[in-house]
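S.K.: Predicted structure and sequence below. I'll ask about it afterward.
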Amino acid sequence: MNVGKISAEKAALAVNGWVTLPPTEHKADWDDYRQQNSVKIAELAFVQGLYQPTPTKKKEAIQPNDVESSKLTLCQMGASQRGEVLLARYDGDLALDGASETVHHYDGIVWRPVSDRDLKREMLAAFMEEKLPYSPHGISSAVDALKLQLPMMQPPERHLIGFSNGVFDLKTCQFRPHRKHDWLLLANEVEFNSPEEW
């Protein structure tokens, strides 16, 4: 690895400049090269060696809940980062019931409780998929960190009746699609049919 070349290219990129290095196998600056050869040969090598380095493309900025977490392995991540990985495995659809300290997962209709044991098994699955070593403490700390990051669940609105195909709002007498922030814990397993369909 040529540290001088790396430093020169970094500096050139910073100011949109050019780089030229003496064409030697050993460590040398331009004055060393001139002394070993001649002024004419050094001038020619200088001009022929000029180039403008191109920046390497950087990856897009990583979102906080991104599973990649800047390409660290699960073993290298802190507990909070592993918690974010676990959250991503549930598509970000987790919340915490403050009264019971139970994590819930939104399945598109209702919020269903997820036991700590199931969360740990999901974290273990992430380690196994990557073929990485794990420790019970590392897995437990990820679940604990996840719980600290999650939004708190709100009590469900009493005027909403959940069905398998949506929610009927008793206040507005309207049927509408499910929403995550309805915080429903229960829903009828039957479909709602409007009176026009009877």
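M.R.: Everything's here; your move.

S.K.: With just CA atoms, put the helix or strand bottoming out on mean pLDDT in the chain into CSV.
M.R.: Lowest on mean pLDDT, DSSP states H and E among the helices and strands of the chain sits helix 3-15, with a mean of 78. Provided in CSV are the C-alpha atoms of helix 3-15 (Å, rounded to 0.1, in the frame of the first residue of the first chain):
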residue,chain,number,x,y,z
VAL,A,3,0.5,5.8,1.7
GLY,A,4,2.0,8.7,-0.1
LYS,A,5,-0.2,8.0,-3.2
ILE,A,6,-3.3,7.7,-1.0
SER,A,7,-2.6,11.0,0.8
ALA,A,8,-1.9,12.8,-2.5
GLU,A,9,-5.1,11.5,-4.0
LYS,A,10,-7.1,12.6,-0.9
ALA,A,11,-5.6,16.0,-1.0
ALA,A,12,-6.3,16.3,-4.8
LEU,A,13,-9.9,15.3,-4.4
ALA,A,14,-10.4,17.8,-1.6
VAL,A,15,-9.3,20.7,-3.9
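
S.K.: residues making contact with the very next helix or strand once past it?
M.R.: Moving toward the C-terminus from helix 3-15, the next helix or strand (DSSP states H and E) is helix 30-36. Helix 30-36 has contacts (C-beta atoms under 8 Å, 6 or more residues apart in numbering) with 22-24, 28, 42, 45-46. From N, CA and C alone the C-beta is placed, and that goes for glycine too.

S.K.: shaky segments in this protein?
M.R.: Counting by pLDDT under 70, the chain has low-confidence residues at 1, 56-70, 195-198.

S.K.: what residues go with each domain of this protein?
M.R.: By the record's domain assignment, the chain is partitioned as 3-48, 69-149, 160-197 (automatic domain parsing).

S.K.: circling back: which of the contacts of helix 30-36 has the most neighbours?
M.R.: P22 (20 neighbours; other C-beta atoms under 10 Å).

S.K.: where's D91 relative to G98, distance?
M.R.: 22 Å (C-beta to C-beta, to the nearest Å).

S.K.: swap that for V190, sorry
M.R.: 31 Å.

S.K.: can you check G166 too?
M.R.: 27 Å.
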